[in-house]
Structure formats: structure tokens, C-alpha cells
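Student: sequence plus the predicted model coming up.
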Number of protein chains: 2
Amino acid sequence: MGKMEEKLREPRPGKPLVVIIGAGFGGLEAAKCLKGKDVEVLLIDRNNYHLFQPLLYQVATAGLEPNAIAYPVRAILRGAKNIHFRVAEVYRIDRPKKTLSTSIGPIGYDYLLVSAGNRTNFFGNQKLSENCFELKSLNDAIDLRNHVLTCFEKALAEKELEKRRSYKTIVIVGGGPTGVELAGAYAELARHVLTKDFPMLDLSQVSIILLESGNSLLAAFPETLRGETFSKLIELGVDVRLNSAVAGVENGTVLMKTGETIKAETVIWAAGVQGVNLSDGLTDKPAKGSRVPVTPQLHLLDGKNVFVIGDLALASPDDPLMAPVAIQQARCAANNIMNSIQGKSLVIFRYKNRGMMATIGRKAAVATIYGSNFRGLMAWLIWLLIHILWLIGFRNKLIVLIDWAYNYFTYERGVRLITRKPKTNRLPELER
Amino acid sequence: MGKMEEKLREPRPGKPLVVIIGAGFGGLEAAKCLKGKDVEVLLIDRNNYHLFQPLLYQVATAGLEPNAIAYPVRAILRGAKNIHFRVAEVYRIDRPKKTLSTSIGPIGYDYLLVSAGNRTNFFGNQKLSENCFELKSLNDAIDLRNHVLTCFEKALAEKELEKRRSYKTIVIVGGGPTGVELAGAYAELARHVLTKDFPMLDLSQVSIILLESGNSLLAAFPETLRGETFSKLIELGVDVRLNSAVAGVENGTVLMKTGETIKAETVIWAAGVQGVNLSDGLTDKPAKGSRVPVTPQLHLLDGKNVFVIGDLALASPDDPLMAPVAIQQARCAANNIMNSIQGKSLVIFRYKNRGMMATIGRKAAVATIYGSNFRGLMAWLIWLLIHILWLIGFRNKLIVLIDWAYNYFTYERGVRLITRKPKTNRLPELER
């Protein structure tokens, strides 16, 4: 035990210590690349699991259970003798002292690889963050699932018409992939599940409203797929409103810039992300969205022993905020750390863009892969296949497959449970 | 909608309203028995799911995910037109006014069937309830799982020997089925999973201590099975201490009546249950453990329109606190409510005792069925089969089967995730 402590804080001479912050797609890939190499690696995350974020919206919409998309980091790294893992929150990076200040005490490093991701950007608007749900963590997703299901239970007991309608209204702000996927999944939850669970509620009044300030959904996708997405969501009954900017959200009311208001007990903010708040220690001049500018070799402009990758890094403004970028950057950065240790020259990162995809609903998705566009059933099948393959762990692949097959054939959602206190305390009496 | 509200509070003439409190084994069975009958039924539970309590300890020990043992009540009752369901907490029963005071307002009834179960009995000791974990709800189980896993993460960063040991010590108070099942499952978690997850921790120091104030484990079981349970737990490395009464628990220390102390960050209280706090409205003279005395026909001694069943009821002191009793009582009580409405005479409840069982670990269980005793592999297989058959819903059966097969063949526990804030705030810095 004591041995371990000492090894971690004072790596043995000749064994440089690489500290990786974040066990997301980037950090985990970097750790795997450094497995068995002549370095000691310490991976730090505030959770003890790797979260498969692309399916987070399915937890929020009661399609998957939380455990299906989270996998214990220790199980992933088992057998890698030079890789250590700690559950800790990193508070500050002190580059002059090569030390991190963390919830489990100071941790020194020789090389630092930061892959800490991003968080929701409320653009400094405190009211927004208090009155909106977000979808970045597993807890966010569980909170959201519990809240939406609780709202329908509340609607049953509510006699005032306007209030009852507001329990049945879900507003999603932001027409990117998260917003589109949430809107489609909630529309199907309402149509296929809630109508049967609540036959006494007038569910024609359920409103799923998707607000996008720009003039198109999925702005990063080719135009034909954007049109497809729009019409498919309309077909599912989603009230899609383009050119609709939100001015504020308060007490169950969304105020539009036009002055219009929408009453809704559920407002989800999916309209922006920013780097986690570690950028202070990494750069004096953060780029847009608190991202940290890095060289083409992925280290800091003024520090060759600190690499930043994934959503937090800004290597090229063309690279999207996506798992494949983080994974490819992880390989490059891990490689460059070893090159640096061995006195070799560093390699330059170039993103191999294989494409992107988003799902809308049953047998409905859009994908652009190696320049080819897919939609409908074909895109949906590609989406299913790729996500199953990406998931870590045999058990999780199997559970997700079963849940999807179950949802597909029965039109059910097995996990529509209200398991926790809602995030807001607007509905205290319904919960224990 | 308005229609529905009125129907529930003022049942149509000729349609008596039966209100059932609790969607556990008893309440759910009673609702099913009344399906399609000439009554309106309103089932109330504080959760929107039925909890399969016999497997709760497997959630606490990271063997099953919470969603596998919880099933949405609305999905169970779908298609039963005369049965309605509300998520609500019942505060008080006002028998003269035939009204319940609840979190969603007053609810009137013609017949009331109370199957609200029991809660942990800390015997009025506030310190115990503050310093011990309990295992009655899904949240309790998730809290416990998160806490135990967090303790091992904490142990890694703890330099003081005694404190480190206390993170690795789990004390279970009470040698009934819950205590035995928890002790066995934690011992296997430590041996098969934590040793691999934490190779740097000295896990020979992990202590699972089972404290029983009496002179035997599983006091309700035949003597040969009690001996078998004791030796199997010892074999698994559990420190079983009989005749060991606890005087108090405070600040991570268990104080024994002998004056001895045990340092442990995890203390689980499984040493007693009492009826939920609805007995005030039901009886002036509650029996031991806050149970409500009922007639052999299962209604109150002084009220023929109020039936009490399950763990809360005391029909015969010989009947154990088990799901089969609650289920059989539910059938009798539902029957008697219909008899009462139709002016027929009521039938007397008699428990058909088929037996009882408890699991200890891999291929190890004890069961006494129709007077025959089973142990080891045979008892374990019977236990597995019966629990799979009892689980509600095809999806849950399948998921539990897969998890068990996975745990069995890989010696893994797929769901060892720390997903939530721990119940205590002793470890705030490890959590978000």
C-alpha cells in the first residue's frame, strides 16, 4: 500500500509519470496506448466508470438503463500493470510545480494529458442553469428521466388545465444532434408508451417542442439530411421551430426573443457546450467556448509536457466535438509523449473524418459516411451496428441489444422508473 | 381528465371504490384479483414501480442493476380498466371519514386494503439510524453499493493504517436472511472482484463481520441448515460472531454490549423491522413491531371495511414476514372484499407454508420446502429458478438471467458503478 503511494507520487527514476485527466473516450484510449510502455500512467476521473455518452439521451428517455452505458474503469484497465486509476476531482493545474491539486491531495506529473471534455454552456446565465435540465452526466440523464415521468404522474392529479398542459410539455433548446435525438425519443416515448400508461390523460396535448435559433437542424450535416431530419421529426409530432432564439427560462416558462412565452415543466438546454473549468491552468487565452488552443502536435503552445485532447482542445477549428476526434487525438498524443521521452520528433495530428450520424427514431436516422449520405432504415441500421460495436464490454453490448430488441418489438420502455428525487424541488411531495 | 378525477373521488353509484395502499407483493396481487370485478380500484404507491425485494441485496452488492428488480406498475396493470394507479405518499388514514390524507390530496374510499409493508426498526435509537445503512428501498441499495465502492477508492488514498482498515470493513448487524445474504455476497465481491480491481490494497485485511445477538443464524430455519449456513459463511471468510449484541454505532465505530469496539466505515442494520407508520390510523393497540392485529378474515378488529395484509398485519404470530404470506393474504382479502360487497360471509385466512430459503453464495444456499431440507448446489439451483420465475416481466427475467450467468462464469460484477452521492457526507470530496 505505502509502496503504491510512493510510486505514484515519486515515480521510480527512469520511469516518467504520465497523468491523464478524464476516463472518457480520449483519456481511456490514451491509457490503452501507453499500456506496457516504459512509463507509469495514472488515470484520474471523478467517476469510477467510463460513460458511453452517445447513448446518454436513451437513458434520459427511458430506453436504456444507466448501467448499460457505463463501465467500471478498473475492469477496463485490469491487467495493465503500469496503469493506475484514481477516483478524484481535479481542482487546479499548477504547471510551474508540475502538480495537480485534487480531492485526494496533490498529484505530481512528468507529462500531463488532459482529456477532461466539456460541460453545458449556459453563457453565464444563472437563471438558465437553475431552470433548465442538461445532459452531460449519467446523473443528468437519470434526473431527466425521473423528472419527465414524474410530470406525467403530476398531470394526473392536476385540475387546472394550463398547469396540466405544462406538465405534458417538453421544450428542448438546441437543434444539434443531442436536441434532435432527445426530441425524437421523447416523441416516441409519448406516442408508444405514455399513451398506454396514461389512457386517461389527453395525450394529443403532449407537446415536444424543439427550438433552434438558426435556420436549420443538424447544421453540420449535408443539406439533404437536414431536410430529412426536419420532416421526420414533424412526422413524429415534434413541434420544430427554427429561427427561434430563447431569451430566458424561469419558473416553468420559456421566454422567446420575440416576446412569446411557452409554459413547460421540462426545459432541456442543449444549445451549447464549453470546456471544463480547467482551462485556467492551461492557457491565458482560451478560445471560443473555453477551449484550449494546442499545437498541431497537441501540446500546449508554451509547454511541451502538457497535452490537451478531445472536446477541451482546439487543434483545428474544423474538427468536430466528437468521440472519434478524441480517440484519434489520444493515439497521437500518447505517441508524442513516448516520442518526447525517447527524444524523437513529434508527429502532427490530422483528423481522419469518417463521417457523422444522428438517430431520429424507429428506423429513422441520418448518416454521412465517407462522403455518402444515408437516411431512413439504412442509416438507422448503420447507427445501431456502430453503437453496439463501440460499447465497451460484452455484458453491456448484450444488455443494450436486448433492450433495443425489446423496445423495438414491444414498443415498450422497460426502464421507465422514477428512482430518485427530482433535480428541482418543485415536486417534493411526489418523492420520498 | 376531469371525468377521471371525479370517478376516483366519487365512485359511480353501484361501483364501490377499493383503495389499496402499497404496490408490493400484497397490494399488486390484490389489485390483480380485483381486475375485471364490479368495483373501482385505486392502487397507491410512493414509487411508480413494483420492487422485487428478495433480490435487493444483490443491488447493494453490485450483482444486479436496479432496473432489473423494479418494474413499472402501469405496465403491470395495463389493460385493467377498473384499476387506477397513483404515485403518492399516504400520510394519514381517517377511518371515521373514510378518507386518506395523501401527497396528492385527500382520497376517499369504500373499502381500504393496506399492504404498506414494514421499515427498518432502529428501536428508537436516533444515532443508529444516522450511522447505519439500511436495506428496504431501491435507493437504500444504490446508496449502499455506492458507499462500499467509494470506501475502497478512499482506502487507496488513505495513509493511516487503522483508517484504511476501517474503509475495508463492512459490519452487518443481524443474522436473519438479509444479514446472511449480504454477508455472503460482500465476501464474494471482495474475493472475486475487489482483489482484481485493487491489486495494490492488502485485501486479506478486508473484513466482513456478521453480528448476531442470538446464538444462531437464520433462527427460523431447521437446525441442520443453520449449521450449514454458519460453516459456509466462515468458509467464505466472513467473521461470524454469535451472541454479539450491539450497544451503539457512532462515527464509524460499532460499540458492542461487551464494551468491545469495531472500526468500520460501513455498518448495515438488518436487525429488525417494524410496520410502516400508518398503524396509528388503524389500531389503538399495535402489536410488537408496530404490526396491526387483524381478524382471521384479515380486516380490522373494529372495522369490516379496512383490511390489512402482509408485513404490516398480524393475523397469526406463526406466519413469517415473507412475500408468499402477503400474496396469499391478498387473495383472501380481495375475496373477502367482494364477499362483503355481495353480502356473502367472509372466509378465514390460513397460510399454506411451502417453505423458505436463503442464498449464501455461489452454489450455496439453504432451503426448506414442504418439510424437506436442501443445501449447497441443489438449494442454490432451486433458489435461482424460483426467483427467476417470480420476477415480473420478460425483460427483467432475461436481464437477471444474463447478469447471473455473467457473474457466474466471469466472476465479475458488471454493475460496480458509483453513480450517486453517498448517503453520508463523510466522503464529500470523492463525489460530484
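Tutor: Good, I have the coordinates.

Student: quick one: the helix or strand encompassing A:Arg165 near chain B?
Tutor: Taking DSSP states H and E as the definition, one finds A:Arg165 inside helix A:161-167. Yes: with Cβ under 8 Å from any Cβ of the partner chain as the criterion, chain B is reached by helix A:161-167 at A:Arg164. Using the backbone N, CA and C atoms, a C-beta is placed for each residue, glycine as well.

Student: please read off the pLDDT at A:Pro422 from the model.
Tutor: In this prediction, A:Pro422 carries a pLDDT score of 41.

Student: now swap in A:Glu40 and tell me
Tutor: 95.

Student: which strands and helices lie in contact with the helix holding A:Arg165?
Tutor: Packed against helix A:161-167 by the contact rule (3 or more Cβ pairs under 8 Å, 6 or more residues apart in numbering or on different chains; DSSP states H and E) you find helix A:138-157, strand A:261-263.

Student: B:Asn146: which of the ones you listed is closest?
Tutor: Checking the helices and strands packed on helix A:161-167 against B:Asn146 by Cβ to Cβ gives helix A:138-157 as the closest, at 11.5 Å.

Student: tell me the buried residues in the closest one?
Tutor: Buried residues in helix A:138-157, counted by 16 or more other Cβ atoms under 10 Å in any protein chain shown: A:138-157.

Student: other SSEs contacting it?
Tutor: Against helix A:138-157 (3+ Cβ pairs under 8 Å, 6+ apart) you get helix A:56-60, helix A:161-167, strand A:266-269, strand B:83-87.

Student: now render the ones you listed as TSV, adding distance to B:Pro199, mean pLDDT and mean neighbour count.
Tutor: TSV is the format used below for these (distance: least, Cβ to Cβ, whole Å; pLDDT from 0 to 100; neighbours: other Cβ atoms under 10 Å in any protein chain shown):
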stretch	distance to B:Pro199	mean pLDDT	mean neighbour count
helix A:56-60	31	96	26
helix A:161-167	51	92	17
strand A:266-269	42	98	24
strand B:83-87	45	94	22
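
Student: between those, which one is nearest to B:Ser244?
Tutor: strand B:83-87 (41.1 Å).

Student: is it fair to say A:Ile93 lies in a strand?
Tutor: Yes: with DSSP: H, G, I helix; E, B strand; the rest coil as the criterion, A:Ile93 is located in a strand.

Student: contacting residues for the residue nearest to it when sequence neighbours are not counted?
Tutor: Spatially, and ignoring its direct neighbours in sequence, A:Ile93 is nearest to A:Gly281 (3.1 Å; Cβ to Cβ, 6 or more residues apart in numbering or on different chains). For A:Gly281, the contact set (Cβ atoms under 8 Å, 6 or more residues apart in numbering or on different chains) comprises A:Arg92, A:Ile93, A:Asp94, A:Arg95.

Student: mind giving me the ChimeraX select for the residues you listed, buried ones only?
Tutor: This is how ChimeraX selects the buried members of those, with burial counted by 16+ other Cβ under 10 Å:
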select /A:93,95
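
Student: from the contacts of A:Gly281, which single one is nearest chain B?
Tutor: A:Arg92 (14.0 Å; Cβ to the nearest Cβ).

Student: I'd guessed the closest one sits against A:Ser101; true?
Tutor: Yes: if you go by Cβ atoms under 8 Å, A:Arg92 and A:Ser101 touch, sitting 4.3 Å apart.

Student: tell me which helix or strand comes right after the helix or strand hosting A:Lys196.
Tutor: A:Lys196 is part of helix A:195-197, with elements assigned from DSSP H and E. Using DSSP H and E, the next helix or strand after helix A:195-197 towards the C-terminus is strand A:207-211.

Student: what does that next one contact?
Tutor: With Cβ under 8 Å, 6+ apart as the criterion, strand A:207-211 contacts A:165, A:168-175, A:179-180, A:183, A:186-187, A:190, A:217, A:233, A:237-241, A:244-246, A:254, A:256, A:262, A:264.
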